[in-house]
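1. pasting the structure only:
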């Protein structure tokens, strides 16, 4: 979950509420031991934000390994935050930081989040097409995980073209280089982006999983103080749970329950029924039946294949039948089905 707390709101009680939702790792504010100990006590893994390392400049590269040595013996650290939405110009520097982290600490990774498809080609991608931008990232940064954001719900509705195109491009990149990918999930309002309802938030997570995502990050968990104005996320500015908290908890528990299987599967492609059929890229026969607007993500296991079925409607129910079992899906819901 992104922006889980501000310094003055960091308490063991608030961390417990985060952990109870099924969220299992957080970015820190600092690399200080006291903060890390609090996250560990709550059962949360740690993505370290060290101001000396994050957005490090050229003159600081030689000191990164020394700074890492101060905390890298902490077994709950899973990674170090390197950069958010770098342009290609900045990626060589990101790569230098990233490689230092990953060479010095074999069990961790440098976290770099990528621009969405709708980013400005000239100003944010240095004139590169989106596919060229993604390839440049791989070659420059040697990542262990691919992560990106695409926030599709606006005042004028669901920007589905960008959302599905982005998922496809990231999935294809991840498959090409045998890397896992993560997706940020819009769970609050900011700028022209509106706070999604339950169905819209669940749909983003489920669609990402259907495409093969192995991780997702809520943006945001809490209410962000920002000049552009943010709304509440899973909790409000006082830490009170909003209507989205219970929805997030529900799907987090389902994903955790099926995580061992999901993490072992390889995405083959997706097929849409009803809405968005033009975004299908996999034509294998499905032996079951589909009623309603549904996305099927075909996933390959070592000895067993699955589909992840998602209701792509934000108001009406859908049903998928397979192996004499009927799966009723409320708006935005998803389910893993053994073939």
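-> Nice, thanks for sending it over. Every value quoted in this text rests on a predicted model; they were computed, and no experiment measured them.
2. which residues does residue 27 contact?
-> For residue 27, the contacting residues are 2, 4, 47, 48, 49, 81, 111, taking Cβ atoms under 8 Å, 6 or more residues apart in numbering as the criterion. All C-beta spots, glycine's among them, are computed from the backbone N, C-alpha and C.
3. try 10 Å
-> Contact criterion Cβ atoms under 10 Å, 6 or more residues apart in numbering gives 1-4, 39, 46-49, 54, 79-81, 111, 217 as the residues in contact with residue 27.
4. That one pairs with what?
-> Taking DSSP bridges as the rule, residue 27 bridges to residue 47.
5. try residue 230
-> residue 190.
6. Hmm, it is touching residue 220, no?
-> Yes - using Cβ atoms under 10 Å, residue 230 and residue 220 qualify as a contacting pair, with a distance of 6.6 Å.
7. Same drill for those two, tell me which one is more crowded.
-> Regarding residue 230 and residue 220, a neighbour count based on other Cβ atoms under 10 Å identifies residue 220 as having more, with 25 against 21.
8. Double-check the more buried one against residue 237; I have them as touching.
-> No - assessed by Cβ under 10 Å, residue 220 is found out of contact with residue 237, at 11.0 Å.
9. Quickly list what's touching both of those two.
-> Where contact means Cβ under 10 Å, 6+ apart, the residues bridging residue 220 and residue 237 through contact with each are 230, 231.
10. Specify the local secondary structure of residue 278.
-> In the three-state summary, residue 278 is assigned as helix, counting by DSSP: H, G, I helix; E, B strand; the rest coil.
11. so what's it scoring on pLDDT?
-> In this prediction, residue 278 carries a pLDDT score of 97.
12. do the same with the one 4 residues further on
-> Residue 282 carries a pLDDT score of 97 in this model.
13. ok now do it, which residues does it touch?
-> Residue 282 neighbours (Cβ under 10 Å, 6+ apart): 267, 268, 269, 270, 271, 272, 296, 297, 298.
14. Of those residues - the most surrounded one?
-> residue 297 (28 neighbours).
15. so it sits in a strand?
-> Yes - judged by three-state DSSP, residue 297 forms part of a strand.
16. can I assume it is in contact with residue 308?
-> Yes - between residue 297 and residue 308 there is a contact at 4.2 Å, judged by Cβ under 10 Å.
17. which neighbours do these two share?
-> Residues touching both residue 297 and residue 308 (Cβ under 10 Å, 6+ apart): 206, 207, 208, 209, 210, 211, 212, 265, 267, 270, 334, 336.
18. Buried residues, the one helix or strand the last one maps to. List them.
-> Residue 336 is part of strand 334-338 when elements are defined by DSSP states H and E. Buried positions in strand 334-338, judged by neighbour count with 16 or more other Cβ atoms under 10 Å: 334, 335, 336, 337.
19. same check, this time on stretch 286-296
-> Counting neighbours by 16+ other Cβ under 10 Å, one finds that the buried residues in stretch 286-296 are 286, 288, 290, 292, 293, 294, 295, 296.
20. Kindly confirm whether my reading is correct that the fourth one touches residue 327.
-> Right, residue 292. No - the pair residue 292 / residue 327 is not scored as a contact, 11.0 Å apart, by Cβ under 10 Å.
21. what sits in contact with each of those two?
-> In the contact map built from Cβ under 10 Å, 6+ apart, the residues linked to both residue 292 and residue 327 are 311, 318, 319, 320.
22. Give the buried subset of those residues as a ChimeraX selection command.
-> Here the buried members of these are turned into a ChimeraX selection, burial being counted by 16+ other Cβ under 10 Å:
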select :311,318,320
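23. Quick check: strands, which of the shared contacts of residue 292 and residue 327 are part of them?
-> When these are checked against strands using DSSP state E, the ones located there are 311, 318, 319, 320.
24. Rebuild these as a markdown table, extending it with pLDDT and distance to residue 90.
-> Output for these, formatted as a markdown table (pLDDT from 0 to 100; distance: Cβ to Cβ, whole Å):
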| residue | pLDDT | distance to residue 90 |
| --- | --- | --- |
| 311 | 98 | 39 |
| 318 | 98 | 43 |
| 319 | 98 | 48 |
| 320 | 98 | 44 |
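25. Need those in JSON lines (columns: distance to residue 116).
-> Formatted as JSON lines, the entries for these read as follows, by distance: Cβ to Cβ, whole Å:
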{"residue": "311", "distance to residue 116": "24"}
{"residue": "318", "distance to residue 116": "27"}
{"residue": "319", "distance to residue 116": "32"}
{"residue": "320", "distance to residue 116": "29"}
